[in-house]
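Chemist: structure for the following, please:
(chains A, B, C and D)
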Number of protein chains: 2
Amino acid sequence: MDSSSNPAPSAGRPRSEQAHRAILTATLERLVEVGYSALTIEGVAQRAGVGKATIYRRWSSKLPLVIEAYGLLPQLEDVDTGNIVGDLSEMLRNYLQLLTSTPLRGVIPSIAGERAHNPELSELFDPIVRDRRRPLIAVLQRGAGRGELPDDLDLELAADLLIGPITTRLFFGARISTAMVQPMVEMALWGLVGRRPVEG
Amino acid sequence: MDSSSNPAPSAGRPRSEQAHRAILTATLERLVEVGYSALTIEGVAQRAGVGKATIYRRWSSKLPLVIEAYGLLPQLEDVDTGNIVGDLSEMLRNYLQLLTSTPLRGVIPSIAGERAHNPELSELFDPIVRDRRRPLIAVLQRGAGRGELPDDLDLELAADLLIGPITTRLFFGARISTAMVQPMVEMALWGLVGRRPVEG
DNA sequence: TCGATTCGAGACGGATCGATCCGAATTCGA
DNA sequence: TCGAATTCGGATCGATCCGTCTCGAATCGA
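Modeler: Just a heads-up that it's a prediction; the model follows:
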């Protein structure tokens, strides 16, 4: 980020930590309300109760500002329940919880939509997305180690299959609730055809 | 749309059909290049080689203009090969082909990203999305009728599972190719666990 | 031919925003 | 206590765009 590398010089008035937080919070709010491309420094400053110069002093443009604000949003966390069904159900349930209880739900489509035609944003945002997928990949890897999943499973494709329904509904506006987690995980694990393992 | 309901009055110079097409094409191009929210009538006019008034004469704002332009993009078409694997493989392969050979790939994220915080766009765009999903739902329904899929299958969830990986990669920028169709369809049908039907 | 409508091009006022600059306020070291 | 450094919120200037309007040329029906 831009601001974390500023240990603040010794003399003079120190930067207000409160203004800092207010700016980042306002950034997320405006991101949800108007999206990335319509996000203005002016609007953020107004919402945060801060002068524009206070923002420009810490971030060179709205790009690093948005990236840092996005970093404040909670992530998917790895959960180890002992079996693949429990791990995936718990994780996806937590994820849906995050989507509905934080600005994440509005922020993700806004940034992803902009990413498509903004190479600079893409370059900064894509690695973050990859990082945040890692817990899901780890769960699948653990499942393969336990023998619950095939050794030669394409982990990336499997991860996309698991979060695909959530992503799709998030971007196209269909309803999302934690009630869909159980059937979603089952369908992903055992397929549309629905043949359960014989040893259940 | 706005313009299709104008049978053109009898007297005076008729509206140029060429200008009409140029405007819609330019709209798609600008949509890919800068996204919905940064799309300007001025930019479209310039790209189309057309005066701004020529656009305002046919569309009241960029919202109906974008909706009509999106309607020109090709759709997913129903394919009946006789079995569910063939149907899905063929359809998704065609879909990926469309994504790479038309502006669709850049247009979808731009509109979906805006949809999240633009209720007016959402109201017009969501029904279109539902319409375009219909062929996929139809294939699943036919598969259930053939006995290839369970009767009580959740068709909406199944459809989301099938296109989920494509959607996810489309929005987060991962690579997409027709080579992923076969493993994608297999994984969706028979699950991560990978138990193929015995009679396969 | 004449009136009506369209065409591309651009001028216009109003609004918004980016980026910088300003004076006032605050907090440091000495 | 005091001066220097740095912050603060607000003001300012230039650029862009919207939506309307005007202009001369083009193209139709009557």
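Chemist: alpha carbons only for contacts and neighbour counts from here, please
Modeler: Will do.
Chemist: following the helix ranked longest in chain A, which helix or strand comes up?
Modeler: Ranked by residue count, the top helix of chain A under DSSP state H comes out as helix A:119-146. Downstream of helix A:119-146, the next assigned helix or strand under DSSP states H and E is helix A:155-172.
Chemist: now the helices for chain A?
Modeler: Taking DSSP H as the criterion, chain A carries its helices at A:17-34, A:41-48, A:52-56, A:62-71, A:84-101, A:104-115, A:119-146, A:155-172, A:181-190.
Chemist: give me the neighbour count for the closest residue to DNA strand C within chain A.
Modeler: DNA strand C sits closest to residue A:40 of chain A, with a gap of 3.1 Å, by CA to the nearest atom of the strand. Residues within reach of residue A:40, counting by other CA atoms under 10 Å in any protein chain shown, total 17.
Chemist: which residues does it contact?
Modeler: residue A:62 (CA atoms under 8 Å, 6 or more residues apart in numbering or on different chains).
Chemist: one more time with 10 Å, if that's ok
Modeler: A:27, A:30-31, A:34, A:46, A:61-62 (CA atoms under 10 Å, 6 or more residues apart in numbering or on different chains).
Chemist: comparing the helices of chain A, which comes out most buried?
Modeler: helix A:104-115 (a mean of 25; mean count of other CA atoms under 10 Å in any protein chain shown).
Chemist: now it and helix A:17-34, what's the angle there?
Modeler: 70 degrees (axes from the mean of the first three to the mean of the last three CA atoms, to 10 degrees).
Chemist: wait, residue A:178 touches residue A:185, no?
Modeler: No - judged on CA atoms under 10 Å, residue A:178 makes no contact with residue A:185 at a distance of 11.5 Å.
Chemist: intersection of neighbour lists for the two?
Modeler: A:89, A:92.
Chemist: how confident was the prediction at the residue of chain A closest to DNA strand C?
Modeler: Per-residue pLDDT puts residue A:40 at 95.
Chemist: before we move on, what about residue A:194?
Modeler: At residue A:194, the model reports a pLDDT of 77.
Chemist: just to revisit the earlier point, need the contacts of residue A:40 in TSV with distance to residue B:54 and pLDDT, can you?
Modeler: Shown next, in TSV, are the contacts of residue A:40 (distance: CA to CA, whole Å; pLDDT from 0 to 100):
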residue	distance to residue B:54	pLDDT
A:27	38	95
A:30	34	95
A:31	33	96
A:34	29	96
A:46	37	91
A:61	36	92
A:62	35	94
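Chemist: dump those into CSV; add distance to residue B:134 as well.
Modeler: Shown next, in CSV, are these (distance: CA to CA, whole Å):
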residue, distance to residue B:134
A:27, 38
A:30, 35
A:31, 32
A:34, 31
A:46, 45
A:61, 43
A:62, 40
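Chemist: farthest pair within these?
Modeler: Farthest apart among those by CA to CA are A:34 and A:61. That separation is 17.2 Å.
Chemist: number of residues surrounding the closest residue to residue A:65 other than its chain neighbours?
Modeler: Closest residue to residue A:65 apart from its sequence neighbours, by CA to CA, 6 or more residues apart in numbering or on different chains: residue A:59 at 5.9 Å. Look at residue A:59: counted by other CA under 10 Å, it has 17 neighbours.
Chemist: residue A:59 contacts residue A:69, doesn't it?
Modeler: No - at 11.3 Å, residue A:59 does not count as touching residue A:69 under the criterion of CA under 10 Å.
Chemist: what about DNA strand D: which of the contacts of residue A:40 touch it?
Modeler: Counting by CA under 7 Å from any atom of the strand, residue A:46 from the contacts of residue A:40 sit close to DNA strand D.
Chemist: and the gap between the residue nearest to residue A:141 when sequence neighbours are not counted and residue B:162?
Modeler: Leaving aside its sequence neighbours, residue A:141 sits nearest to residue A:155 (CA to CA, 6+ apart; 7.5 Å). Computed as CA to CA, to the nearest Å, the residue A:155 to residue B:162 distance reads 16 Å.
Chemist: do the same with residue A:164
Modeler: Counting by CA to CA - residue A:164 and residue B:162 are separated by 8 Å.
Chemist: what do you get for residue A:172?
Modeler: With CA to CA as the criterion, residue A:172 and residue B:162 are 15 Å apart.
Chemist: what's the closest residue in space to residue A:156 that isn't next to it in sequence in contact with, if anything?
Modeler: Counting by CA to CA, 6+ apart, residue A:156 lies nearest to residue A:137, which is 7.3 Å off, once chain neighbours are set aside. By CA under 10 Å, 6+ apart, the residues touching residue A:137 are A:78, A:143, A:155-156, A:158-160.
Chemist: no more questions from me, cheers.
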